[in-house]
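A.B. asks: here is my input, please return the structure:
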Amino acid sequence: MRSLRPSHKELSTRIAQAREAFRKKRVVAVNAGKFASQLVQLGISGQGELLHLLAELLGKIAPSTYVGQRPPTKCTETGFEEREMLAFVVECRVLGLRIYFKFIVDNDLLGLVSLHETAEG
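C.D. replies: Next comes the predicted model:
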(Lines give C-alpha, C1' and ligand atoms only; values in the text may rest on other atoms or scores of the structure.)
Protein backbone atom coordinates (compact mmCIF):
# COMPACT_ATOMS: atom_id res chain seq x y z
CA MET A 1 0.00 0.00 0.00
CA ARG A 2 1.30 3.41 -0.99
CA SER A 3 1.83 5.92 1.82
CA LEU A 4 -0.15 9.13 1.65
CA ARG A 5 1.37 12.53 1.10
CA PRO A 6 2.96 14.41 2.60
CA SER A 7 5.81 12.04 3.37
CA HIS A 8 8.25 12.59 6.22
CA LYS A 9 10.82 13.80 3.69
CA GLU A 10 8.36 16.19 2.04
CA LEU A 11 7.33 17.64 5.41
CA SER A 12 10.98 18.06 6.42
CA THR A 13 11.68 19.91 3.18
CA ARG A 14 8.62 22.17 3.51
CA ILE A 15 9.46 22.97 7.15
CA ALA A 16 13.00 23.92 6.11
CA GLN A 17 11.57 26.15 3.36
CA ALA A 18 9.23 27.81 5.87
CA ARG A 19 12.11 28.48 8.26
CA GLU A 20 14.21 29.93 5.46
CA ALA A 21 11.38 32.22 4.30
CA PHE A 22 10.96 33.42 7.90
CA ARG A 23 14.71 34.02 8.20
CA LYS A 24 14.55 36.12 5.02
CA LYS A 25 11.49 38.00 6.40
CA ARG A 26 9.34 36.75 3.51
CA VAL A 27 6.17 36.28 5.56
CA VAL A 28 2.60 37.32 4.77
CA ALA A 29 -0.85 36.65 6.18
CA VAL A 30 -2.94 34.80 3.60
CA ASN A 31 -6.14 36.42 4.94
CA ALA A 32 -5.00 39.46 6.93
CA GLY A 33 -8.35 40.13 8.64
CA LYS A 34 -8.83 36.56 9.84
CA PHE A 35 -5.22 36.26 10.95
CA ALA A 36 -5.31 39.58 12.84
CA SER A 37 -8.44 38.42 14.67
CA GLN A 38 -6.69 35.21 15.72
CA LEU A 39 -3.71 37.20 17.02
CA VAL A 40 -6.01 39.39 19.12
CA GLN A 41 -7.62 36.27 20.61
CA LEU A 42 -4.14 35.03 21.57
CA GLY A 43 -3.19 38.39 23.10
CA ILE A 44 -0.52 39.13 20.48
CA SER A 45 -0.50 42.87 19.94
CA GLY A 46 2.73 43.77 18.21
CA GLN A 47 5.01 42.70 15.41
CA GLY A 48 7.81 41.87 17.86
CA GLU A 49 5.56 39.52 19.81
CA LEU A 50 4.40 37.86 16.59
CA LEU A 51 7.95 37.37 15.32
CA HIS A 52 9.00 35.86 18.66
CA LEU A 53 6.00 33.51 18.56
CA LEU A 54 6.64 32.47 14.94
CA ALA A 55 10.31 31.81 15.70
CA GLU A 56 9.31 29.47 18.52
CA LEU A 57 6.64 27.68 16.48
CA LEU A 58 8.86 27.23 13.43
CA GLY A 59 11.59 25.90 15.71
CA LYS A 60 9.26 23.30 17.21
CA ILE A 61 7.28 21.99 14.25
CA ALA A 62 8.42 18.66 12.86
CA PRO A 63 6.97 15.91 10.67
CA SER A 64 5.82 14.21 13.88
CA THR A 65 3.68 17.25 14.84
CA TYR A 66 1.86 17.36 11.48
CA VAL A 67 -1.93 17.18 11.92
CA GLY A 68 -3.08 18.29 8.47
CA GLN A 69 -4.95 16.35 5.82
CA ARG A 70 -3.33 13.64 3.72
CA PRO A 71 -2.96 14.75 1.01
CA PRO A 72 -2.86 18.41 2.14
CA THR A 73 -5.88 20.57 1.37
CA LYS A 74 -5.46 23.44 -1.04
CA CYS A 75 -5.87 27.09 -0.16
CA THR A 76 -8.80 28.96 -1.71
CA GLU A 77 -7.78 32.51 -0.70
CA THR A 78 -7.22 34.99 -3.53
CA GLY A 79 -3.60 35.05 -4.61
CA PHE A 80 -2.83 31.74 -2.93
CA GLU A 81 -5.18 29.42 -4.80
CA GLU A 82 -4.07 25.81 -5.13
CA ARG A 83 -1.16 26.17 -2.66
CA GLU A 84 -1.10 23.26 -0.22
CA MET A 85 -1.71 24.08 3.43
CA LEU A 86 0.31 22.37 6.14
CA ALA A 87 -1.00 22.21 9.72
CA PHE A 88 0.87 21.43 12.93
CA VAL A 89 0.13 21.38 16.66
CA VAL A 90 2.88 22.22 19.15
CA GLU A 91 3.23 23.24 22.78
CA CYS A 92 4.01 26.95 22.84
CA ARG A 93 6.15 28.13 25.75
CA VAL A 94 5.59 31.80 24.89
CA LEU A 95 1.81 31.50 25.29
CA GLY A 96 1.62 28.47 27.56
CA LEU A 97 -0.83 26.85 25.13
CA ARG A 98 -1.08 24.06 22.56
CA ILE A 99 -1.12 25.96 19.28
CA TYR A 100 -2.56 24.95 15.92
CA PHE A 101 -0.40 26.54 13.20
CA LYS A 102 -1.32 26.30 9.50
CA PHE A 103 0.69 27.80 6.65
CA ILE A 104 1.64 27.51 3.01
CA VAL A 105 5.10 27.67 1.50
CA ASP A 106 5.30 29.06 -2.01
CA ASN A 107 8.79 29.40 -3.44
CA ASP A 108 10.51 31.50 -0.77
CA LEU A 109 7.32 32.91 0.78
CA LEU A 110 5.74 31.79 4.06
CA GLY A 111 1.98 32.37 3.99
CA LEU A 112 0.34 32.35 7.42
CA VAL A 113 -3.11 30.78 7.25
CA SER A 114 -4.18 30.06 10.82
CA LEU A 115 -2.79 30.40 14.34
CA HIS A 116 -4.91 29.61 17.39
CA GLU A 117 -5.23 27.51 20.51
CA THR A 118 -6.16 23.93 19.70
CA ALA A 119 -9.66 22.76 20.47
CA GLU A 120 -8.02 20.07 22.62
CA GLY A 121 -6.19 22.90 24.42
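A.B. asks: please count neighbours and contacts with C-alpha atoms only from this point.
C.D. replies: Will do.
A.B. asks: give me the contact list for the biggest helix by length in the chain.
C.D. replies: Counting residues, the longest helix in the chain under DSSP state H turns out to be helix 8-23. Here helix 8-23 makes contact (C-alpha atoms under 8 Å, 6 or more residues apart in numbering) with 27, 55, 58, 59, 61, 62, 63, 105, 108, 109, 110.
A.B. asks: swap in 7 Å and give it another go.
C.D. replies: Contacts with helix 8-23, where a contact means C-alpha atoms under 7 Å, 6 or more residues apart in numbering, come from 27, 58, 62, 63, 105, 108, 109, 110.
A.B. asks: let me see the backbone angles for the nearest residue to residue 99 once chain neighbours are set aside.
C.D. replies: Closest residue in space to residue 99, ignoring its immediate chain neighbours: residue 117 at 4.6 Å, by C-alpha to C-alpha, 6 or more residues apart in numbering. Dihedral angles of residue 117 (phi, psi; degrees, to the nearest 10) stand at phi -70, psi 140.
A.B. asks: what's the answer for residue 110, then?
C.D. replies: According to degrees, to the nearest 10, residue 110 has phi -100, psi 120.
A.B. asks: so what's it up against?
C.D. replies: Residue 110 touches 18, 21, 22, 26, 27, 28, 103, 104, counting by C-alpha under 7 Å, 6+ apart.
A.B. asks: same deal with residue 35?
C.D. replies: Contacts of residue 35 (C-alpha under 7 Å, 6+ apart): 29, 113, 114.
A.B. asks: now do the SS call for it.
C.D. replies: Following DSSP: H, G, I helix; E, B strand; the rest coil, residue 35 is assigned to helix.
A.B. asks: any idea how far it lies from residue 13?
C.D. replies: 25 Å (C-alpha to C-alpha, to the nearest Å).
A.B. asks: try residue 88
C.D. replies: Taken as C-alpha to C-alpha, the span from residue 88 to residue 13 is 15 Å.
A.B. asks: before we move on, what about residue 95?
C.D. replies: In terms of C-alpha to C-alpha, residue 95 sits 27 Å off from residue 13.
A.B. asks: just give me the neighbour total for the residue nearest to residue 81 when sequence neighbours are not counted.
C.D. replies: Nearest residue to residue 81, sequence neighbours excluded (C-alpha to C-alpha, 6+ apart): residue 75, at 5.2 Å. Neighbour count for residue 75, taken as other C-alpha atoms under 10 Å: 17.
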